[in-house]
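Colleague: let's see this in three dimensions:
(2 chains)
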2 protein chains.
Amino acid sequence: MSEILYDRVAIIGVGLLGGSVALACKERGLVSSVCGFGRNPKRLEQAKANGILDDFSVDLKTALKDADLVVLATPIGLFRQITEQMTEHLKKGCVVTDLGSVKSSVIKDVEPLTLKAGVDFVPSHPIAGGENSGFESSKANLFEGKFCVVTPTKNTPLDAQTKICKLWESLGAKVEVRDPEEHDRLYAATSHLPHVLAYVLLNTLGEMKTKNSEEYLAKGGNGLIDVVRLGASEPGMWRDICLSNKEFILELLKDYQFALDSFKEKIAEGDGDFLHKAFLQANDHHEKVPKRND
Amino acid sequence: MSEILYDRVAIIGVGLLGGSVALACKERGLVSSVCGFGRNPKRLEQAKANGILDDFSVDLKTALKDADLVVLATPIGLFRQITEQMTEHLKKGCVVTDLGSVKSSVIKDVEPLTLKAGVDFVPSHPIAGGENSGFESSKANLFEGKFCVVTPTKNTPLDAQTKICKLWESLGAKVEVRDPEEHDRLYAATSHLPHVLAYVLLNTLGEMKTKNSEEYLAKGGNGLIDVVRLGASEPGMWRDICLSNKEFILELLKDYQFALDSFKEKIAEGDGDFLHKAFLQANDHHEKVPKRND
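Modeller: Modelled structure (predicted):
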């Protein structure tokens, strides 16, 4: 039996990630009870029936009552507004964490409010999820073997940070402590840019005006299928990520566009030597990419 | 037991696809014997030891002796030169087919030579393979459930075409007969463009000049892993495809670049409504993409 780290946990937004944190904490005996907050009581009732929640409320005050740990698990665009509404109901001494994919903007939105409320905020980002959404896809082992990046600021107390790191480690994650900006630049490259490229490819092929264009997606082989898989991801979440990590995404998009344009020129010129060399380089770079980890 | 369709088959280039055709034909009893042609006798010897070939030669005349079916299975950039060398050794009444991913340029390279030699050419393209290469990855069931596009021209005799279609069907493929140009436009969209995007992404991330850039690939999650999987594909094959299907690839790249640029502008403007709508559209388009078929 594991040690109980937080007695009562409030999950703000019970989707794939929030639901998986709830399941994983309960299964491993890290918490005594989990309360879910959301807008839709029917969905919350289902999540409770599925064993994800012990109780729930559509009222923030009720959901936060006695909560020792509060997990922000909505799309990040809602963090500021929800945290504003939370502040007066937070238990003294509680810890707030989040599951957001962007950290600098989240810190800017949330930290002034938690500081004002006198509670600790430890920003975190578990690298898990993908194109599924909804609590129905929740899994107690979702975080096992995955990275979880914790990005403390100068205001984050070390004891709160250490305990959140312990929580993620207890859920099976490999914890990395990073500077928020460094995190945002890294994930702009490894996650946000690939998502944007997949979305744009789907929209390009889906909106072709040529003959048989309806086949362009339906006849895709495994290559296309893999490249566009991310295009099934949740629109609200990805709108928020694009807006919140704008600076780094735009910087990388510029680099990508430059490289794509050079490549196009070389195809147009019929420069087989350049193309062959570029493909060989890509093979080398591909060696550094890890294998899938589901 | 299946009917023998061709007595002796010569596989010109024994890699993943050529090797799989050999294995699949032998396992299903569709041919009496398979002879492999290649440059490297050690590799051919290994392919024979692995049960892929009955015999082999590094001499075209020897490899083509008595062959009723000749399968061009090298990178398409070599088709013209090899077919030139083949013509005087082709058996009267034999059929030549190919496994190339581009059809118009292959027909332009091969058909004048087979016409001159007085043998039939039936262009075909099995949609199988992916990022693996080498006969070691060959599988007798590689074509099962996959599409195979046959692209006859005005010079293709119907009986030769029908028999090649029957061969592919016997290997488990779903045969589609298409116009060569229509084929090239479709596969520029569903295969060649995604490959180019994956290569360029790998080279962009692999050559970043920022701090911690060596992590950009190593820390990739499942999203990046899937998007760049195609970047492991064989450089010679993809150089040839880019050069041979230049016109359609460039046309699509132009569309893609336009869409990417619009998207970038909307991120820069912070136009959340546009982004949300674009992501929703991509979700809809994604519904039309088939599931993986391995």
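Colleague: may I ask which helix or strand of chain A has the lowest mean pLDDT?
Modeller: Across the helices and strands of chain A, the lowest-confidence element by mean pLDDT, DSSP states H and E is helix A:215-218, at a mean of 86.
Colleague: packing partners for that helix?
Modeller: helix A:193-206, helix B:272-288 (3 or more Cβ pairs under 8 Å, 6 or more residues apart in numbering or on different chains; DSSP states H and E). In this view, the C-beta of every residue, glycine as well, is placed from N, C-alpha and C.
Colleague: which residues pair with A:Val95 across the strands?
Modeller: A:Val95 has these beta-bridge partners by DSSP bridges: A:Leu69, A:Asp120.
Colleague: distance of it from B:Val70?
Modeller: 71 Å (Cβ to Cβ, to the nearest Å).
Colleague: the two: who's more crowded?
Modeller: B:Val70 (30 against 25; other Cβ atoms under 10 Å in any protein chain shown).
Colleague: show me what contacts that one?
Modeller: B:9-10, B:12, B:64, B:86, B:90, B:94-97 (Cβ atoms under 8 Å, 6 or more residues apart in numbering or on different chains).
Colleague: let's go with 6 Å and repeat that
Modeller: Residues near B:Val70 by Cβ atoms under 6 Å, 6 or more residues apart in numbering or on different chains: B:10, B:96.
Colleague: SS state for the residue nearest the centre of chain A?
Modeller: Central residue of chain A (Cα atoms, centre = their mean): A:Ser101, 3.9 Å from the mean position. For A:Ser101, the assignment made with DSSP: H, G, I helix; E, B strand; the rest coil gives coil.
Colleague: ok, it - contacts?
Modeller: Contacts for A:Ser101 (Cβ under 6 Å, 6+ apart) come out as A:125, A:241.
Colleague: could you measure it against chain B, distance?
Modeller: Applying Cβ to the nearest Cβ, to the nearest Å, the value for A:Ser101 to chain B is 10 Å.
Colleague: re the thing from before, please identify the most buried of the helices and strands packed on helix A:215-218.
Modeller: Highest mean neighbour count of the helices and strands packed on helix A:215-218: helix A:193-206, a mean of 25 (counted as mean count of other Cβ atoms under 10 Å in any protein chain shown).
Colleague: what lies in contact with it?
Modeller: By Cβ under 6 Å, 6+ apart, the list of residues contacting helix A:193-206 reads A:216-217, A:228, A:230-231, A:238, A:252, B:189, B:197, B:223-224, B:227, B:255-256, B:259-260, B:263, B:281-282, B:285-286.
Colleague: need the buried ones from those residues selected in ChimeraX.
Modeller: Applying 16 or more other Cβ atoms under 10 Å in any protein chain shown to the contacts of helix A:193-206, the buried members can be selected in ChimeraX as follows:
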select /A:216,217,228,230,231,238,252 /B:189,197,223,224,227,255,256,259,260,263,281,282,285,286
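Colleague: name the element the closest residue to A:Gly272 other than its chain neighbours belongs to?
Modeller: Distance criterion Cβ to Cβ, 6 or more residues apart in numbering or on different chains; nearest residue to A:Gly272, sequence neighbours excluded, is B:Arg239 at 5.3 Å. Using DSSP states H and E, B:Arg239 sits in helix B:235-244.
Colleague: return the residues in contact with the residue of the stretch 1-150 of chain A found nearest chain B.
Modeller: The nearest approach of the stretch 1-150 of chain A to chain B comes at A:Ile127, 5.0 Å away (Cβ to the nearest Cβ). A:Ile127 makes contacts with A:146-147, B:221, as judged by Cβ under 6 Å, 6+ apart.
Colleague: just put the residues you listed in CSV and tack on distance to A:Trp168 and secondary structure.
Modeller: Formatted as CSV, those follow (distance: Cβ to Cβ, whole Å; DSSP: H, G, I helix; E, B strand; the rest coil):
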residue, distance to A:Trp168, secondary structure
A:Lys146, 9, coil
A:Phe147, 10, strand
B:Gly221, 16, coil
